[in-house]
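Colleague: Show me how the following folds:
(one chain, ligands or ions: 2)
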Amino acid sequence: MSIPAGTAERVVPTTGGFRSAHQGLAERLACMHDELRREFPGVHRVSVAIYDQRTDLLKSFVDSSESSNPFEHTVARLADLKGLSQLAKTGARATIADLSAHVSSSPAHVRRLVKAGYLSSFTMPMFHKGTFQGFLFFNSFERGYFSAEVVQRMKPHAEVIALSTIMELDGVRMIQAAVRTVRQITRARDEETAAHLERMARYSRLIALRLAPRRGMTDEWVEFLFQFAPLHDVGKIAVPDHILFKPGRLTDEEFAVMRGHVGKGIEIVDTMADTFRLGAAPYVRILRNVVAHHHESIDGNGYPHRLGGDAVSLEGRITAVADVFDALTSARPYKRAWSNAEAIAYLIEQSGHKFDPDAVEILRVSEAAIADIQRQFTDDGSD
Ligand SMILES: [Fe+2]
Ligand SMILES: [Fe+2]
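Modeller: Ligands and ions are numbered 1, 2, ... in the order given. As a prediction, this is how the structure comes out:
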């Protein structure tokens, strides 16, 4: 199992947003881009998009652009991008010498590049252990910049960028795999069904993607939040079965034990980060915030620390709304499933008290996207 080189040396401040605190791939990409430009001054943009095989989605991830990033917070189905699908299948690389040549008949993403001033491109699919992972995009303001000779000489740089991306994602997968294993060993099943976790992760991404531009968060942050949202209740492995599976109401003492899952979860994250020497990786802070804050409230009446206001991280605010929305709209042994409208009405009632108003508002106007997620991940046959 590989550990991203240099992660142990990275220093992460304990406060501040992901953009300012972030010493991860986005910053490394900016450094690699600087390096690349010394030899290839015409490479004006380097960008990484990653691929989610389960949903066929291609997602903008990190970007180093000379002008503004034309694809920030963009998600598209790979099947809808004909040329790119072909490259993903064959592993071939592609150069376009003049993006502006047939701009009116070009796909929308090419038109967006031209609008941002880019005139030529070099695209490289990334693979890890034979599986397609995403694309590396290089763009230039100059027509015909990516000659066969330039592409050939750029190859080692491109490989290093691809490897850095894959290693960063590996660290995330390693944590997910570790948590999943722990859960499987200690708990045969609980009410957190696989489908619940899939849906709440996707509601979290839906909210995060819409909130990111307003709160100055990166696509990388959106992705990590999506990856880590399902781990919010990792601490429940420490809650005894007779409490976790109690069909009736919990006593005050039992409820106190149940609430302890947050503190236990933080302990687990910290131990894992230490064990895998990932403590300084920026994404660990996202995971920690998800686990630590998903039961805190904006009005300070949540638990375990009654934080309130800005002390509740954005990660915590988003996962709280996503988690509660899915819990309400799912049937449990002791309750029927609420309709989406009923659940949204409850979130609105609690907006600004328990929940972040922006996060609630995004769910309120996302009827179609919510229905899509519910269609895709049903409780039948899952878990
Ligand atoms: Fe929880
Ligand atoms: Fe949950």
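
Colleague: And the helices in the stretch 51-200 of the chain, which stretches?
Modeller: 82-90, 108-115, 148-186, 194-215 (DSSP state H, counting those that start in this stretch).

Colleague: Relative to the whole chain's centre, how far out is stretch 153-172?
Modeller: 18 Å (C-alpha atoms, centre = their mean, to the nearest Å).

Colleague: tell me which residues in that stretch are buried?
Modeller: 154, 157-158, 161-162, 164-169, 171-172 (16 or more other C-beta atoms under 10 Å). Glycine gets a C-beta too; all of them are placed from N, C-alpha and C.

Colleague: And for stretch 124-139?
Modeller: 124-126, 128, 132-139.

Colleague: As TSV, those with pLDDT and distance to Glu66 would be great.
Modeller: Below are these laid out as TSV (pLDDT from 0 to 100; distance: C-beta to C-beta, whole Å):
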residue	pLDDT	distance to Glu66
Met124	96	19
Pro125	96	24
Met126	95	22
His128	90	29
Phe132	95	28
Gln133	94	25
Gly134	95	22
Phe135	96	19
Leu136	96	17
Phe137	96	13
Phe138	97	12
Asn139	96	9
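
Colleague: In the residues you listed, find the pair that's most separated.
Modeller: His128 and Asn139 (23.6 Å; C-beta to C-beta).

Colleague: So the closest residue to Ile243 other than its chain neighbours versus Ser297, what's the distance?
Modeller: Nearest residue to Ile243 in three dimensions, chain neighbours excluded: Glu254, at 4.8 Å (C-beta to C-beta, 6 or more residues apart in numbering). Separation of Glu254 from Ser297 (C-beta to C-beta, to the nearest Å): 21 Å.

Colleague: Compare the two (neighbour count), which wins?
Modeller: Shown here are Glu254 and Ser297; by other C-beta atoms under 10 Å, Ser297 has more neighbours (22 against 16).

Colleague: count of residues packed around the closest residue to the more buried one other than its chain neighbours?
Modeller: Leaving aside its chain neighbours, Ser297 sits nearest to Lys354 (4.6 Å; criterion: C-beta to C-beta, 6+ apart). Lys354 is flanked by 20 other residues according to other C-beta under 10 Å.

Colleague: same deal with the one 10 residues further on?
Modeller: For Arg364, the count of nearby residues is 14 (other C-beta under 10 Å).

Colleague: do Thr90 as well
Modeller: 10.

Colleague: do Ser85 as well
Modeller: Around Ser85 there are 16 residues (other C-beta under 10 Å).

Colleague: The one 4 residues further on now?
Modeller: When neighbours are counted by other C-beta under 10 Å, Lys89 registers 11.

Colleague: for Arg259, what are its contacts?
Modeller: Going by C-beta atoms under 8 Å, 6 or more residues apart in numbering, Arg259 touches 295, 303-304.

Colleague: Which of the residues you listed ranks first by neighbour count?
Modeller: His295 (22 neighbours).

Colleague: What backbone torsions are found at that residue?
Modeller: phi -110, psi 10 (degrees, to the nearest 10).

Colleague: Am I right that it is in contact with His305?
Modeller: No. In this structure, His295 is not within contact of His305 by C-beta atoms under 8 Å, at 9.7 Å.

Colleague: Would you agree Ser204 is in contact with Ile318?
Modeller: Yes. Ser204 is within contact range of Ile318, at 5.3 Å (criterion: C-beta under 8 Å).

Colleague: my guess is Pro70 meets Leu113, correct?
Modeller: Yes. Counting by C-beta under 8 Å, Pro70 touches Leu113, with 5.9 Å between them.
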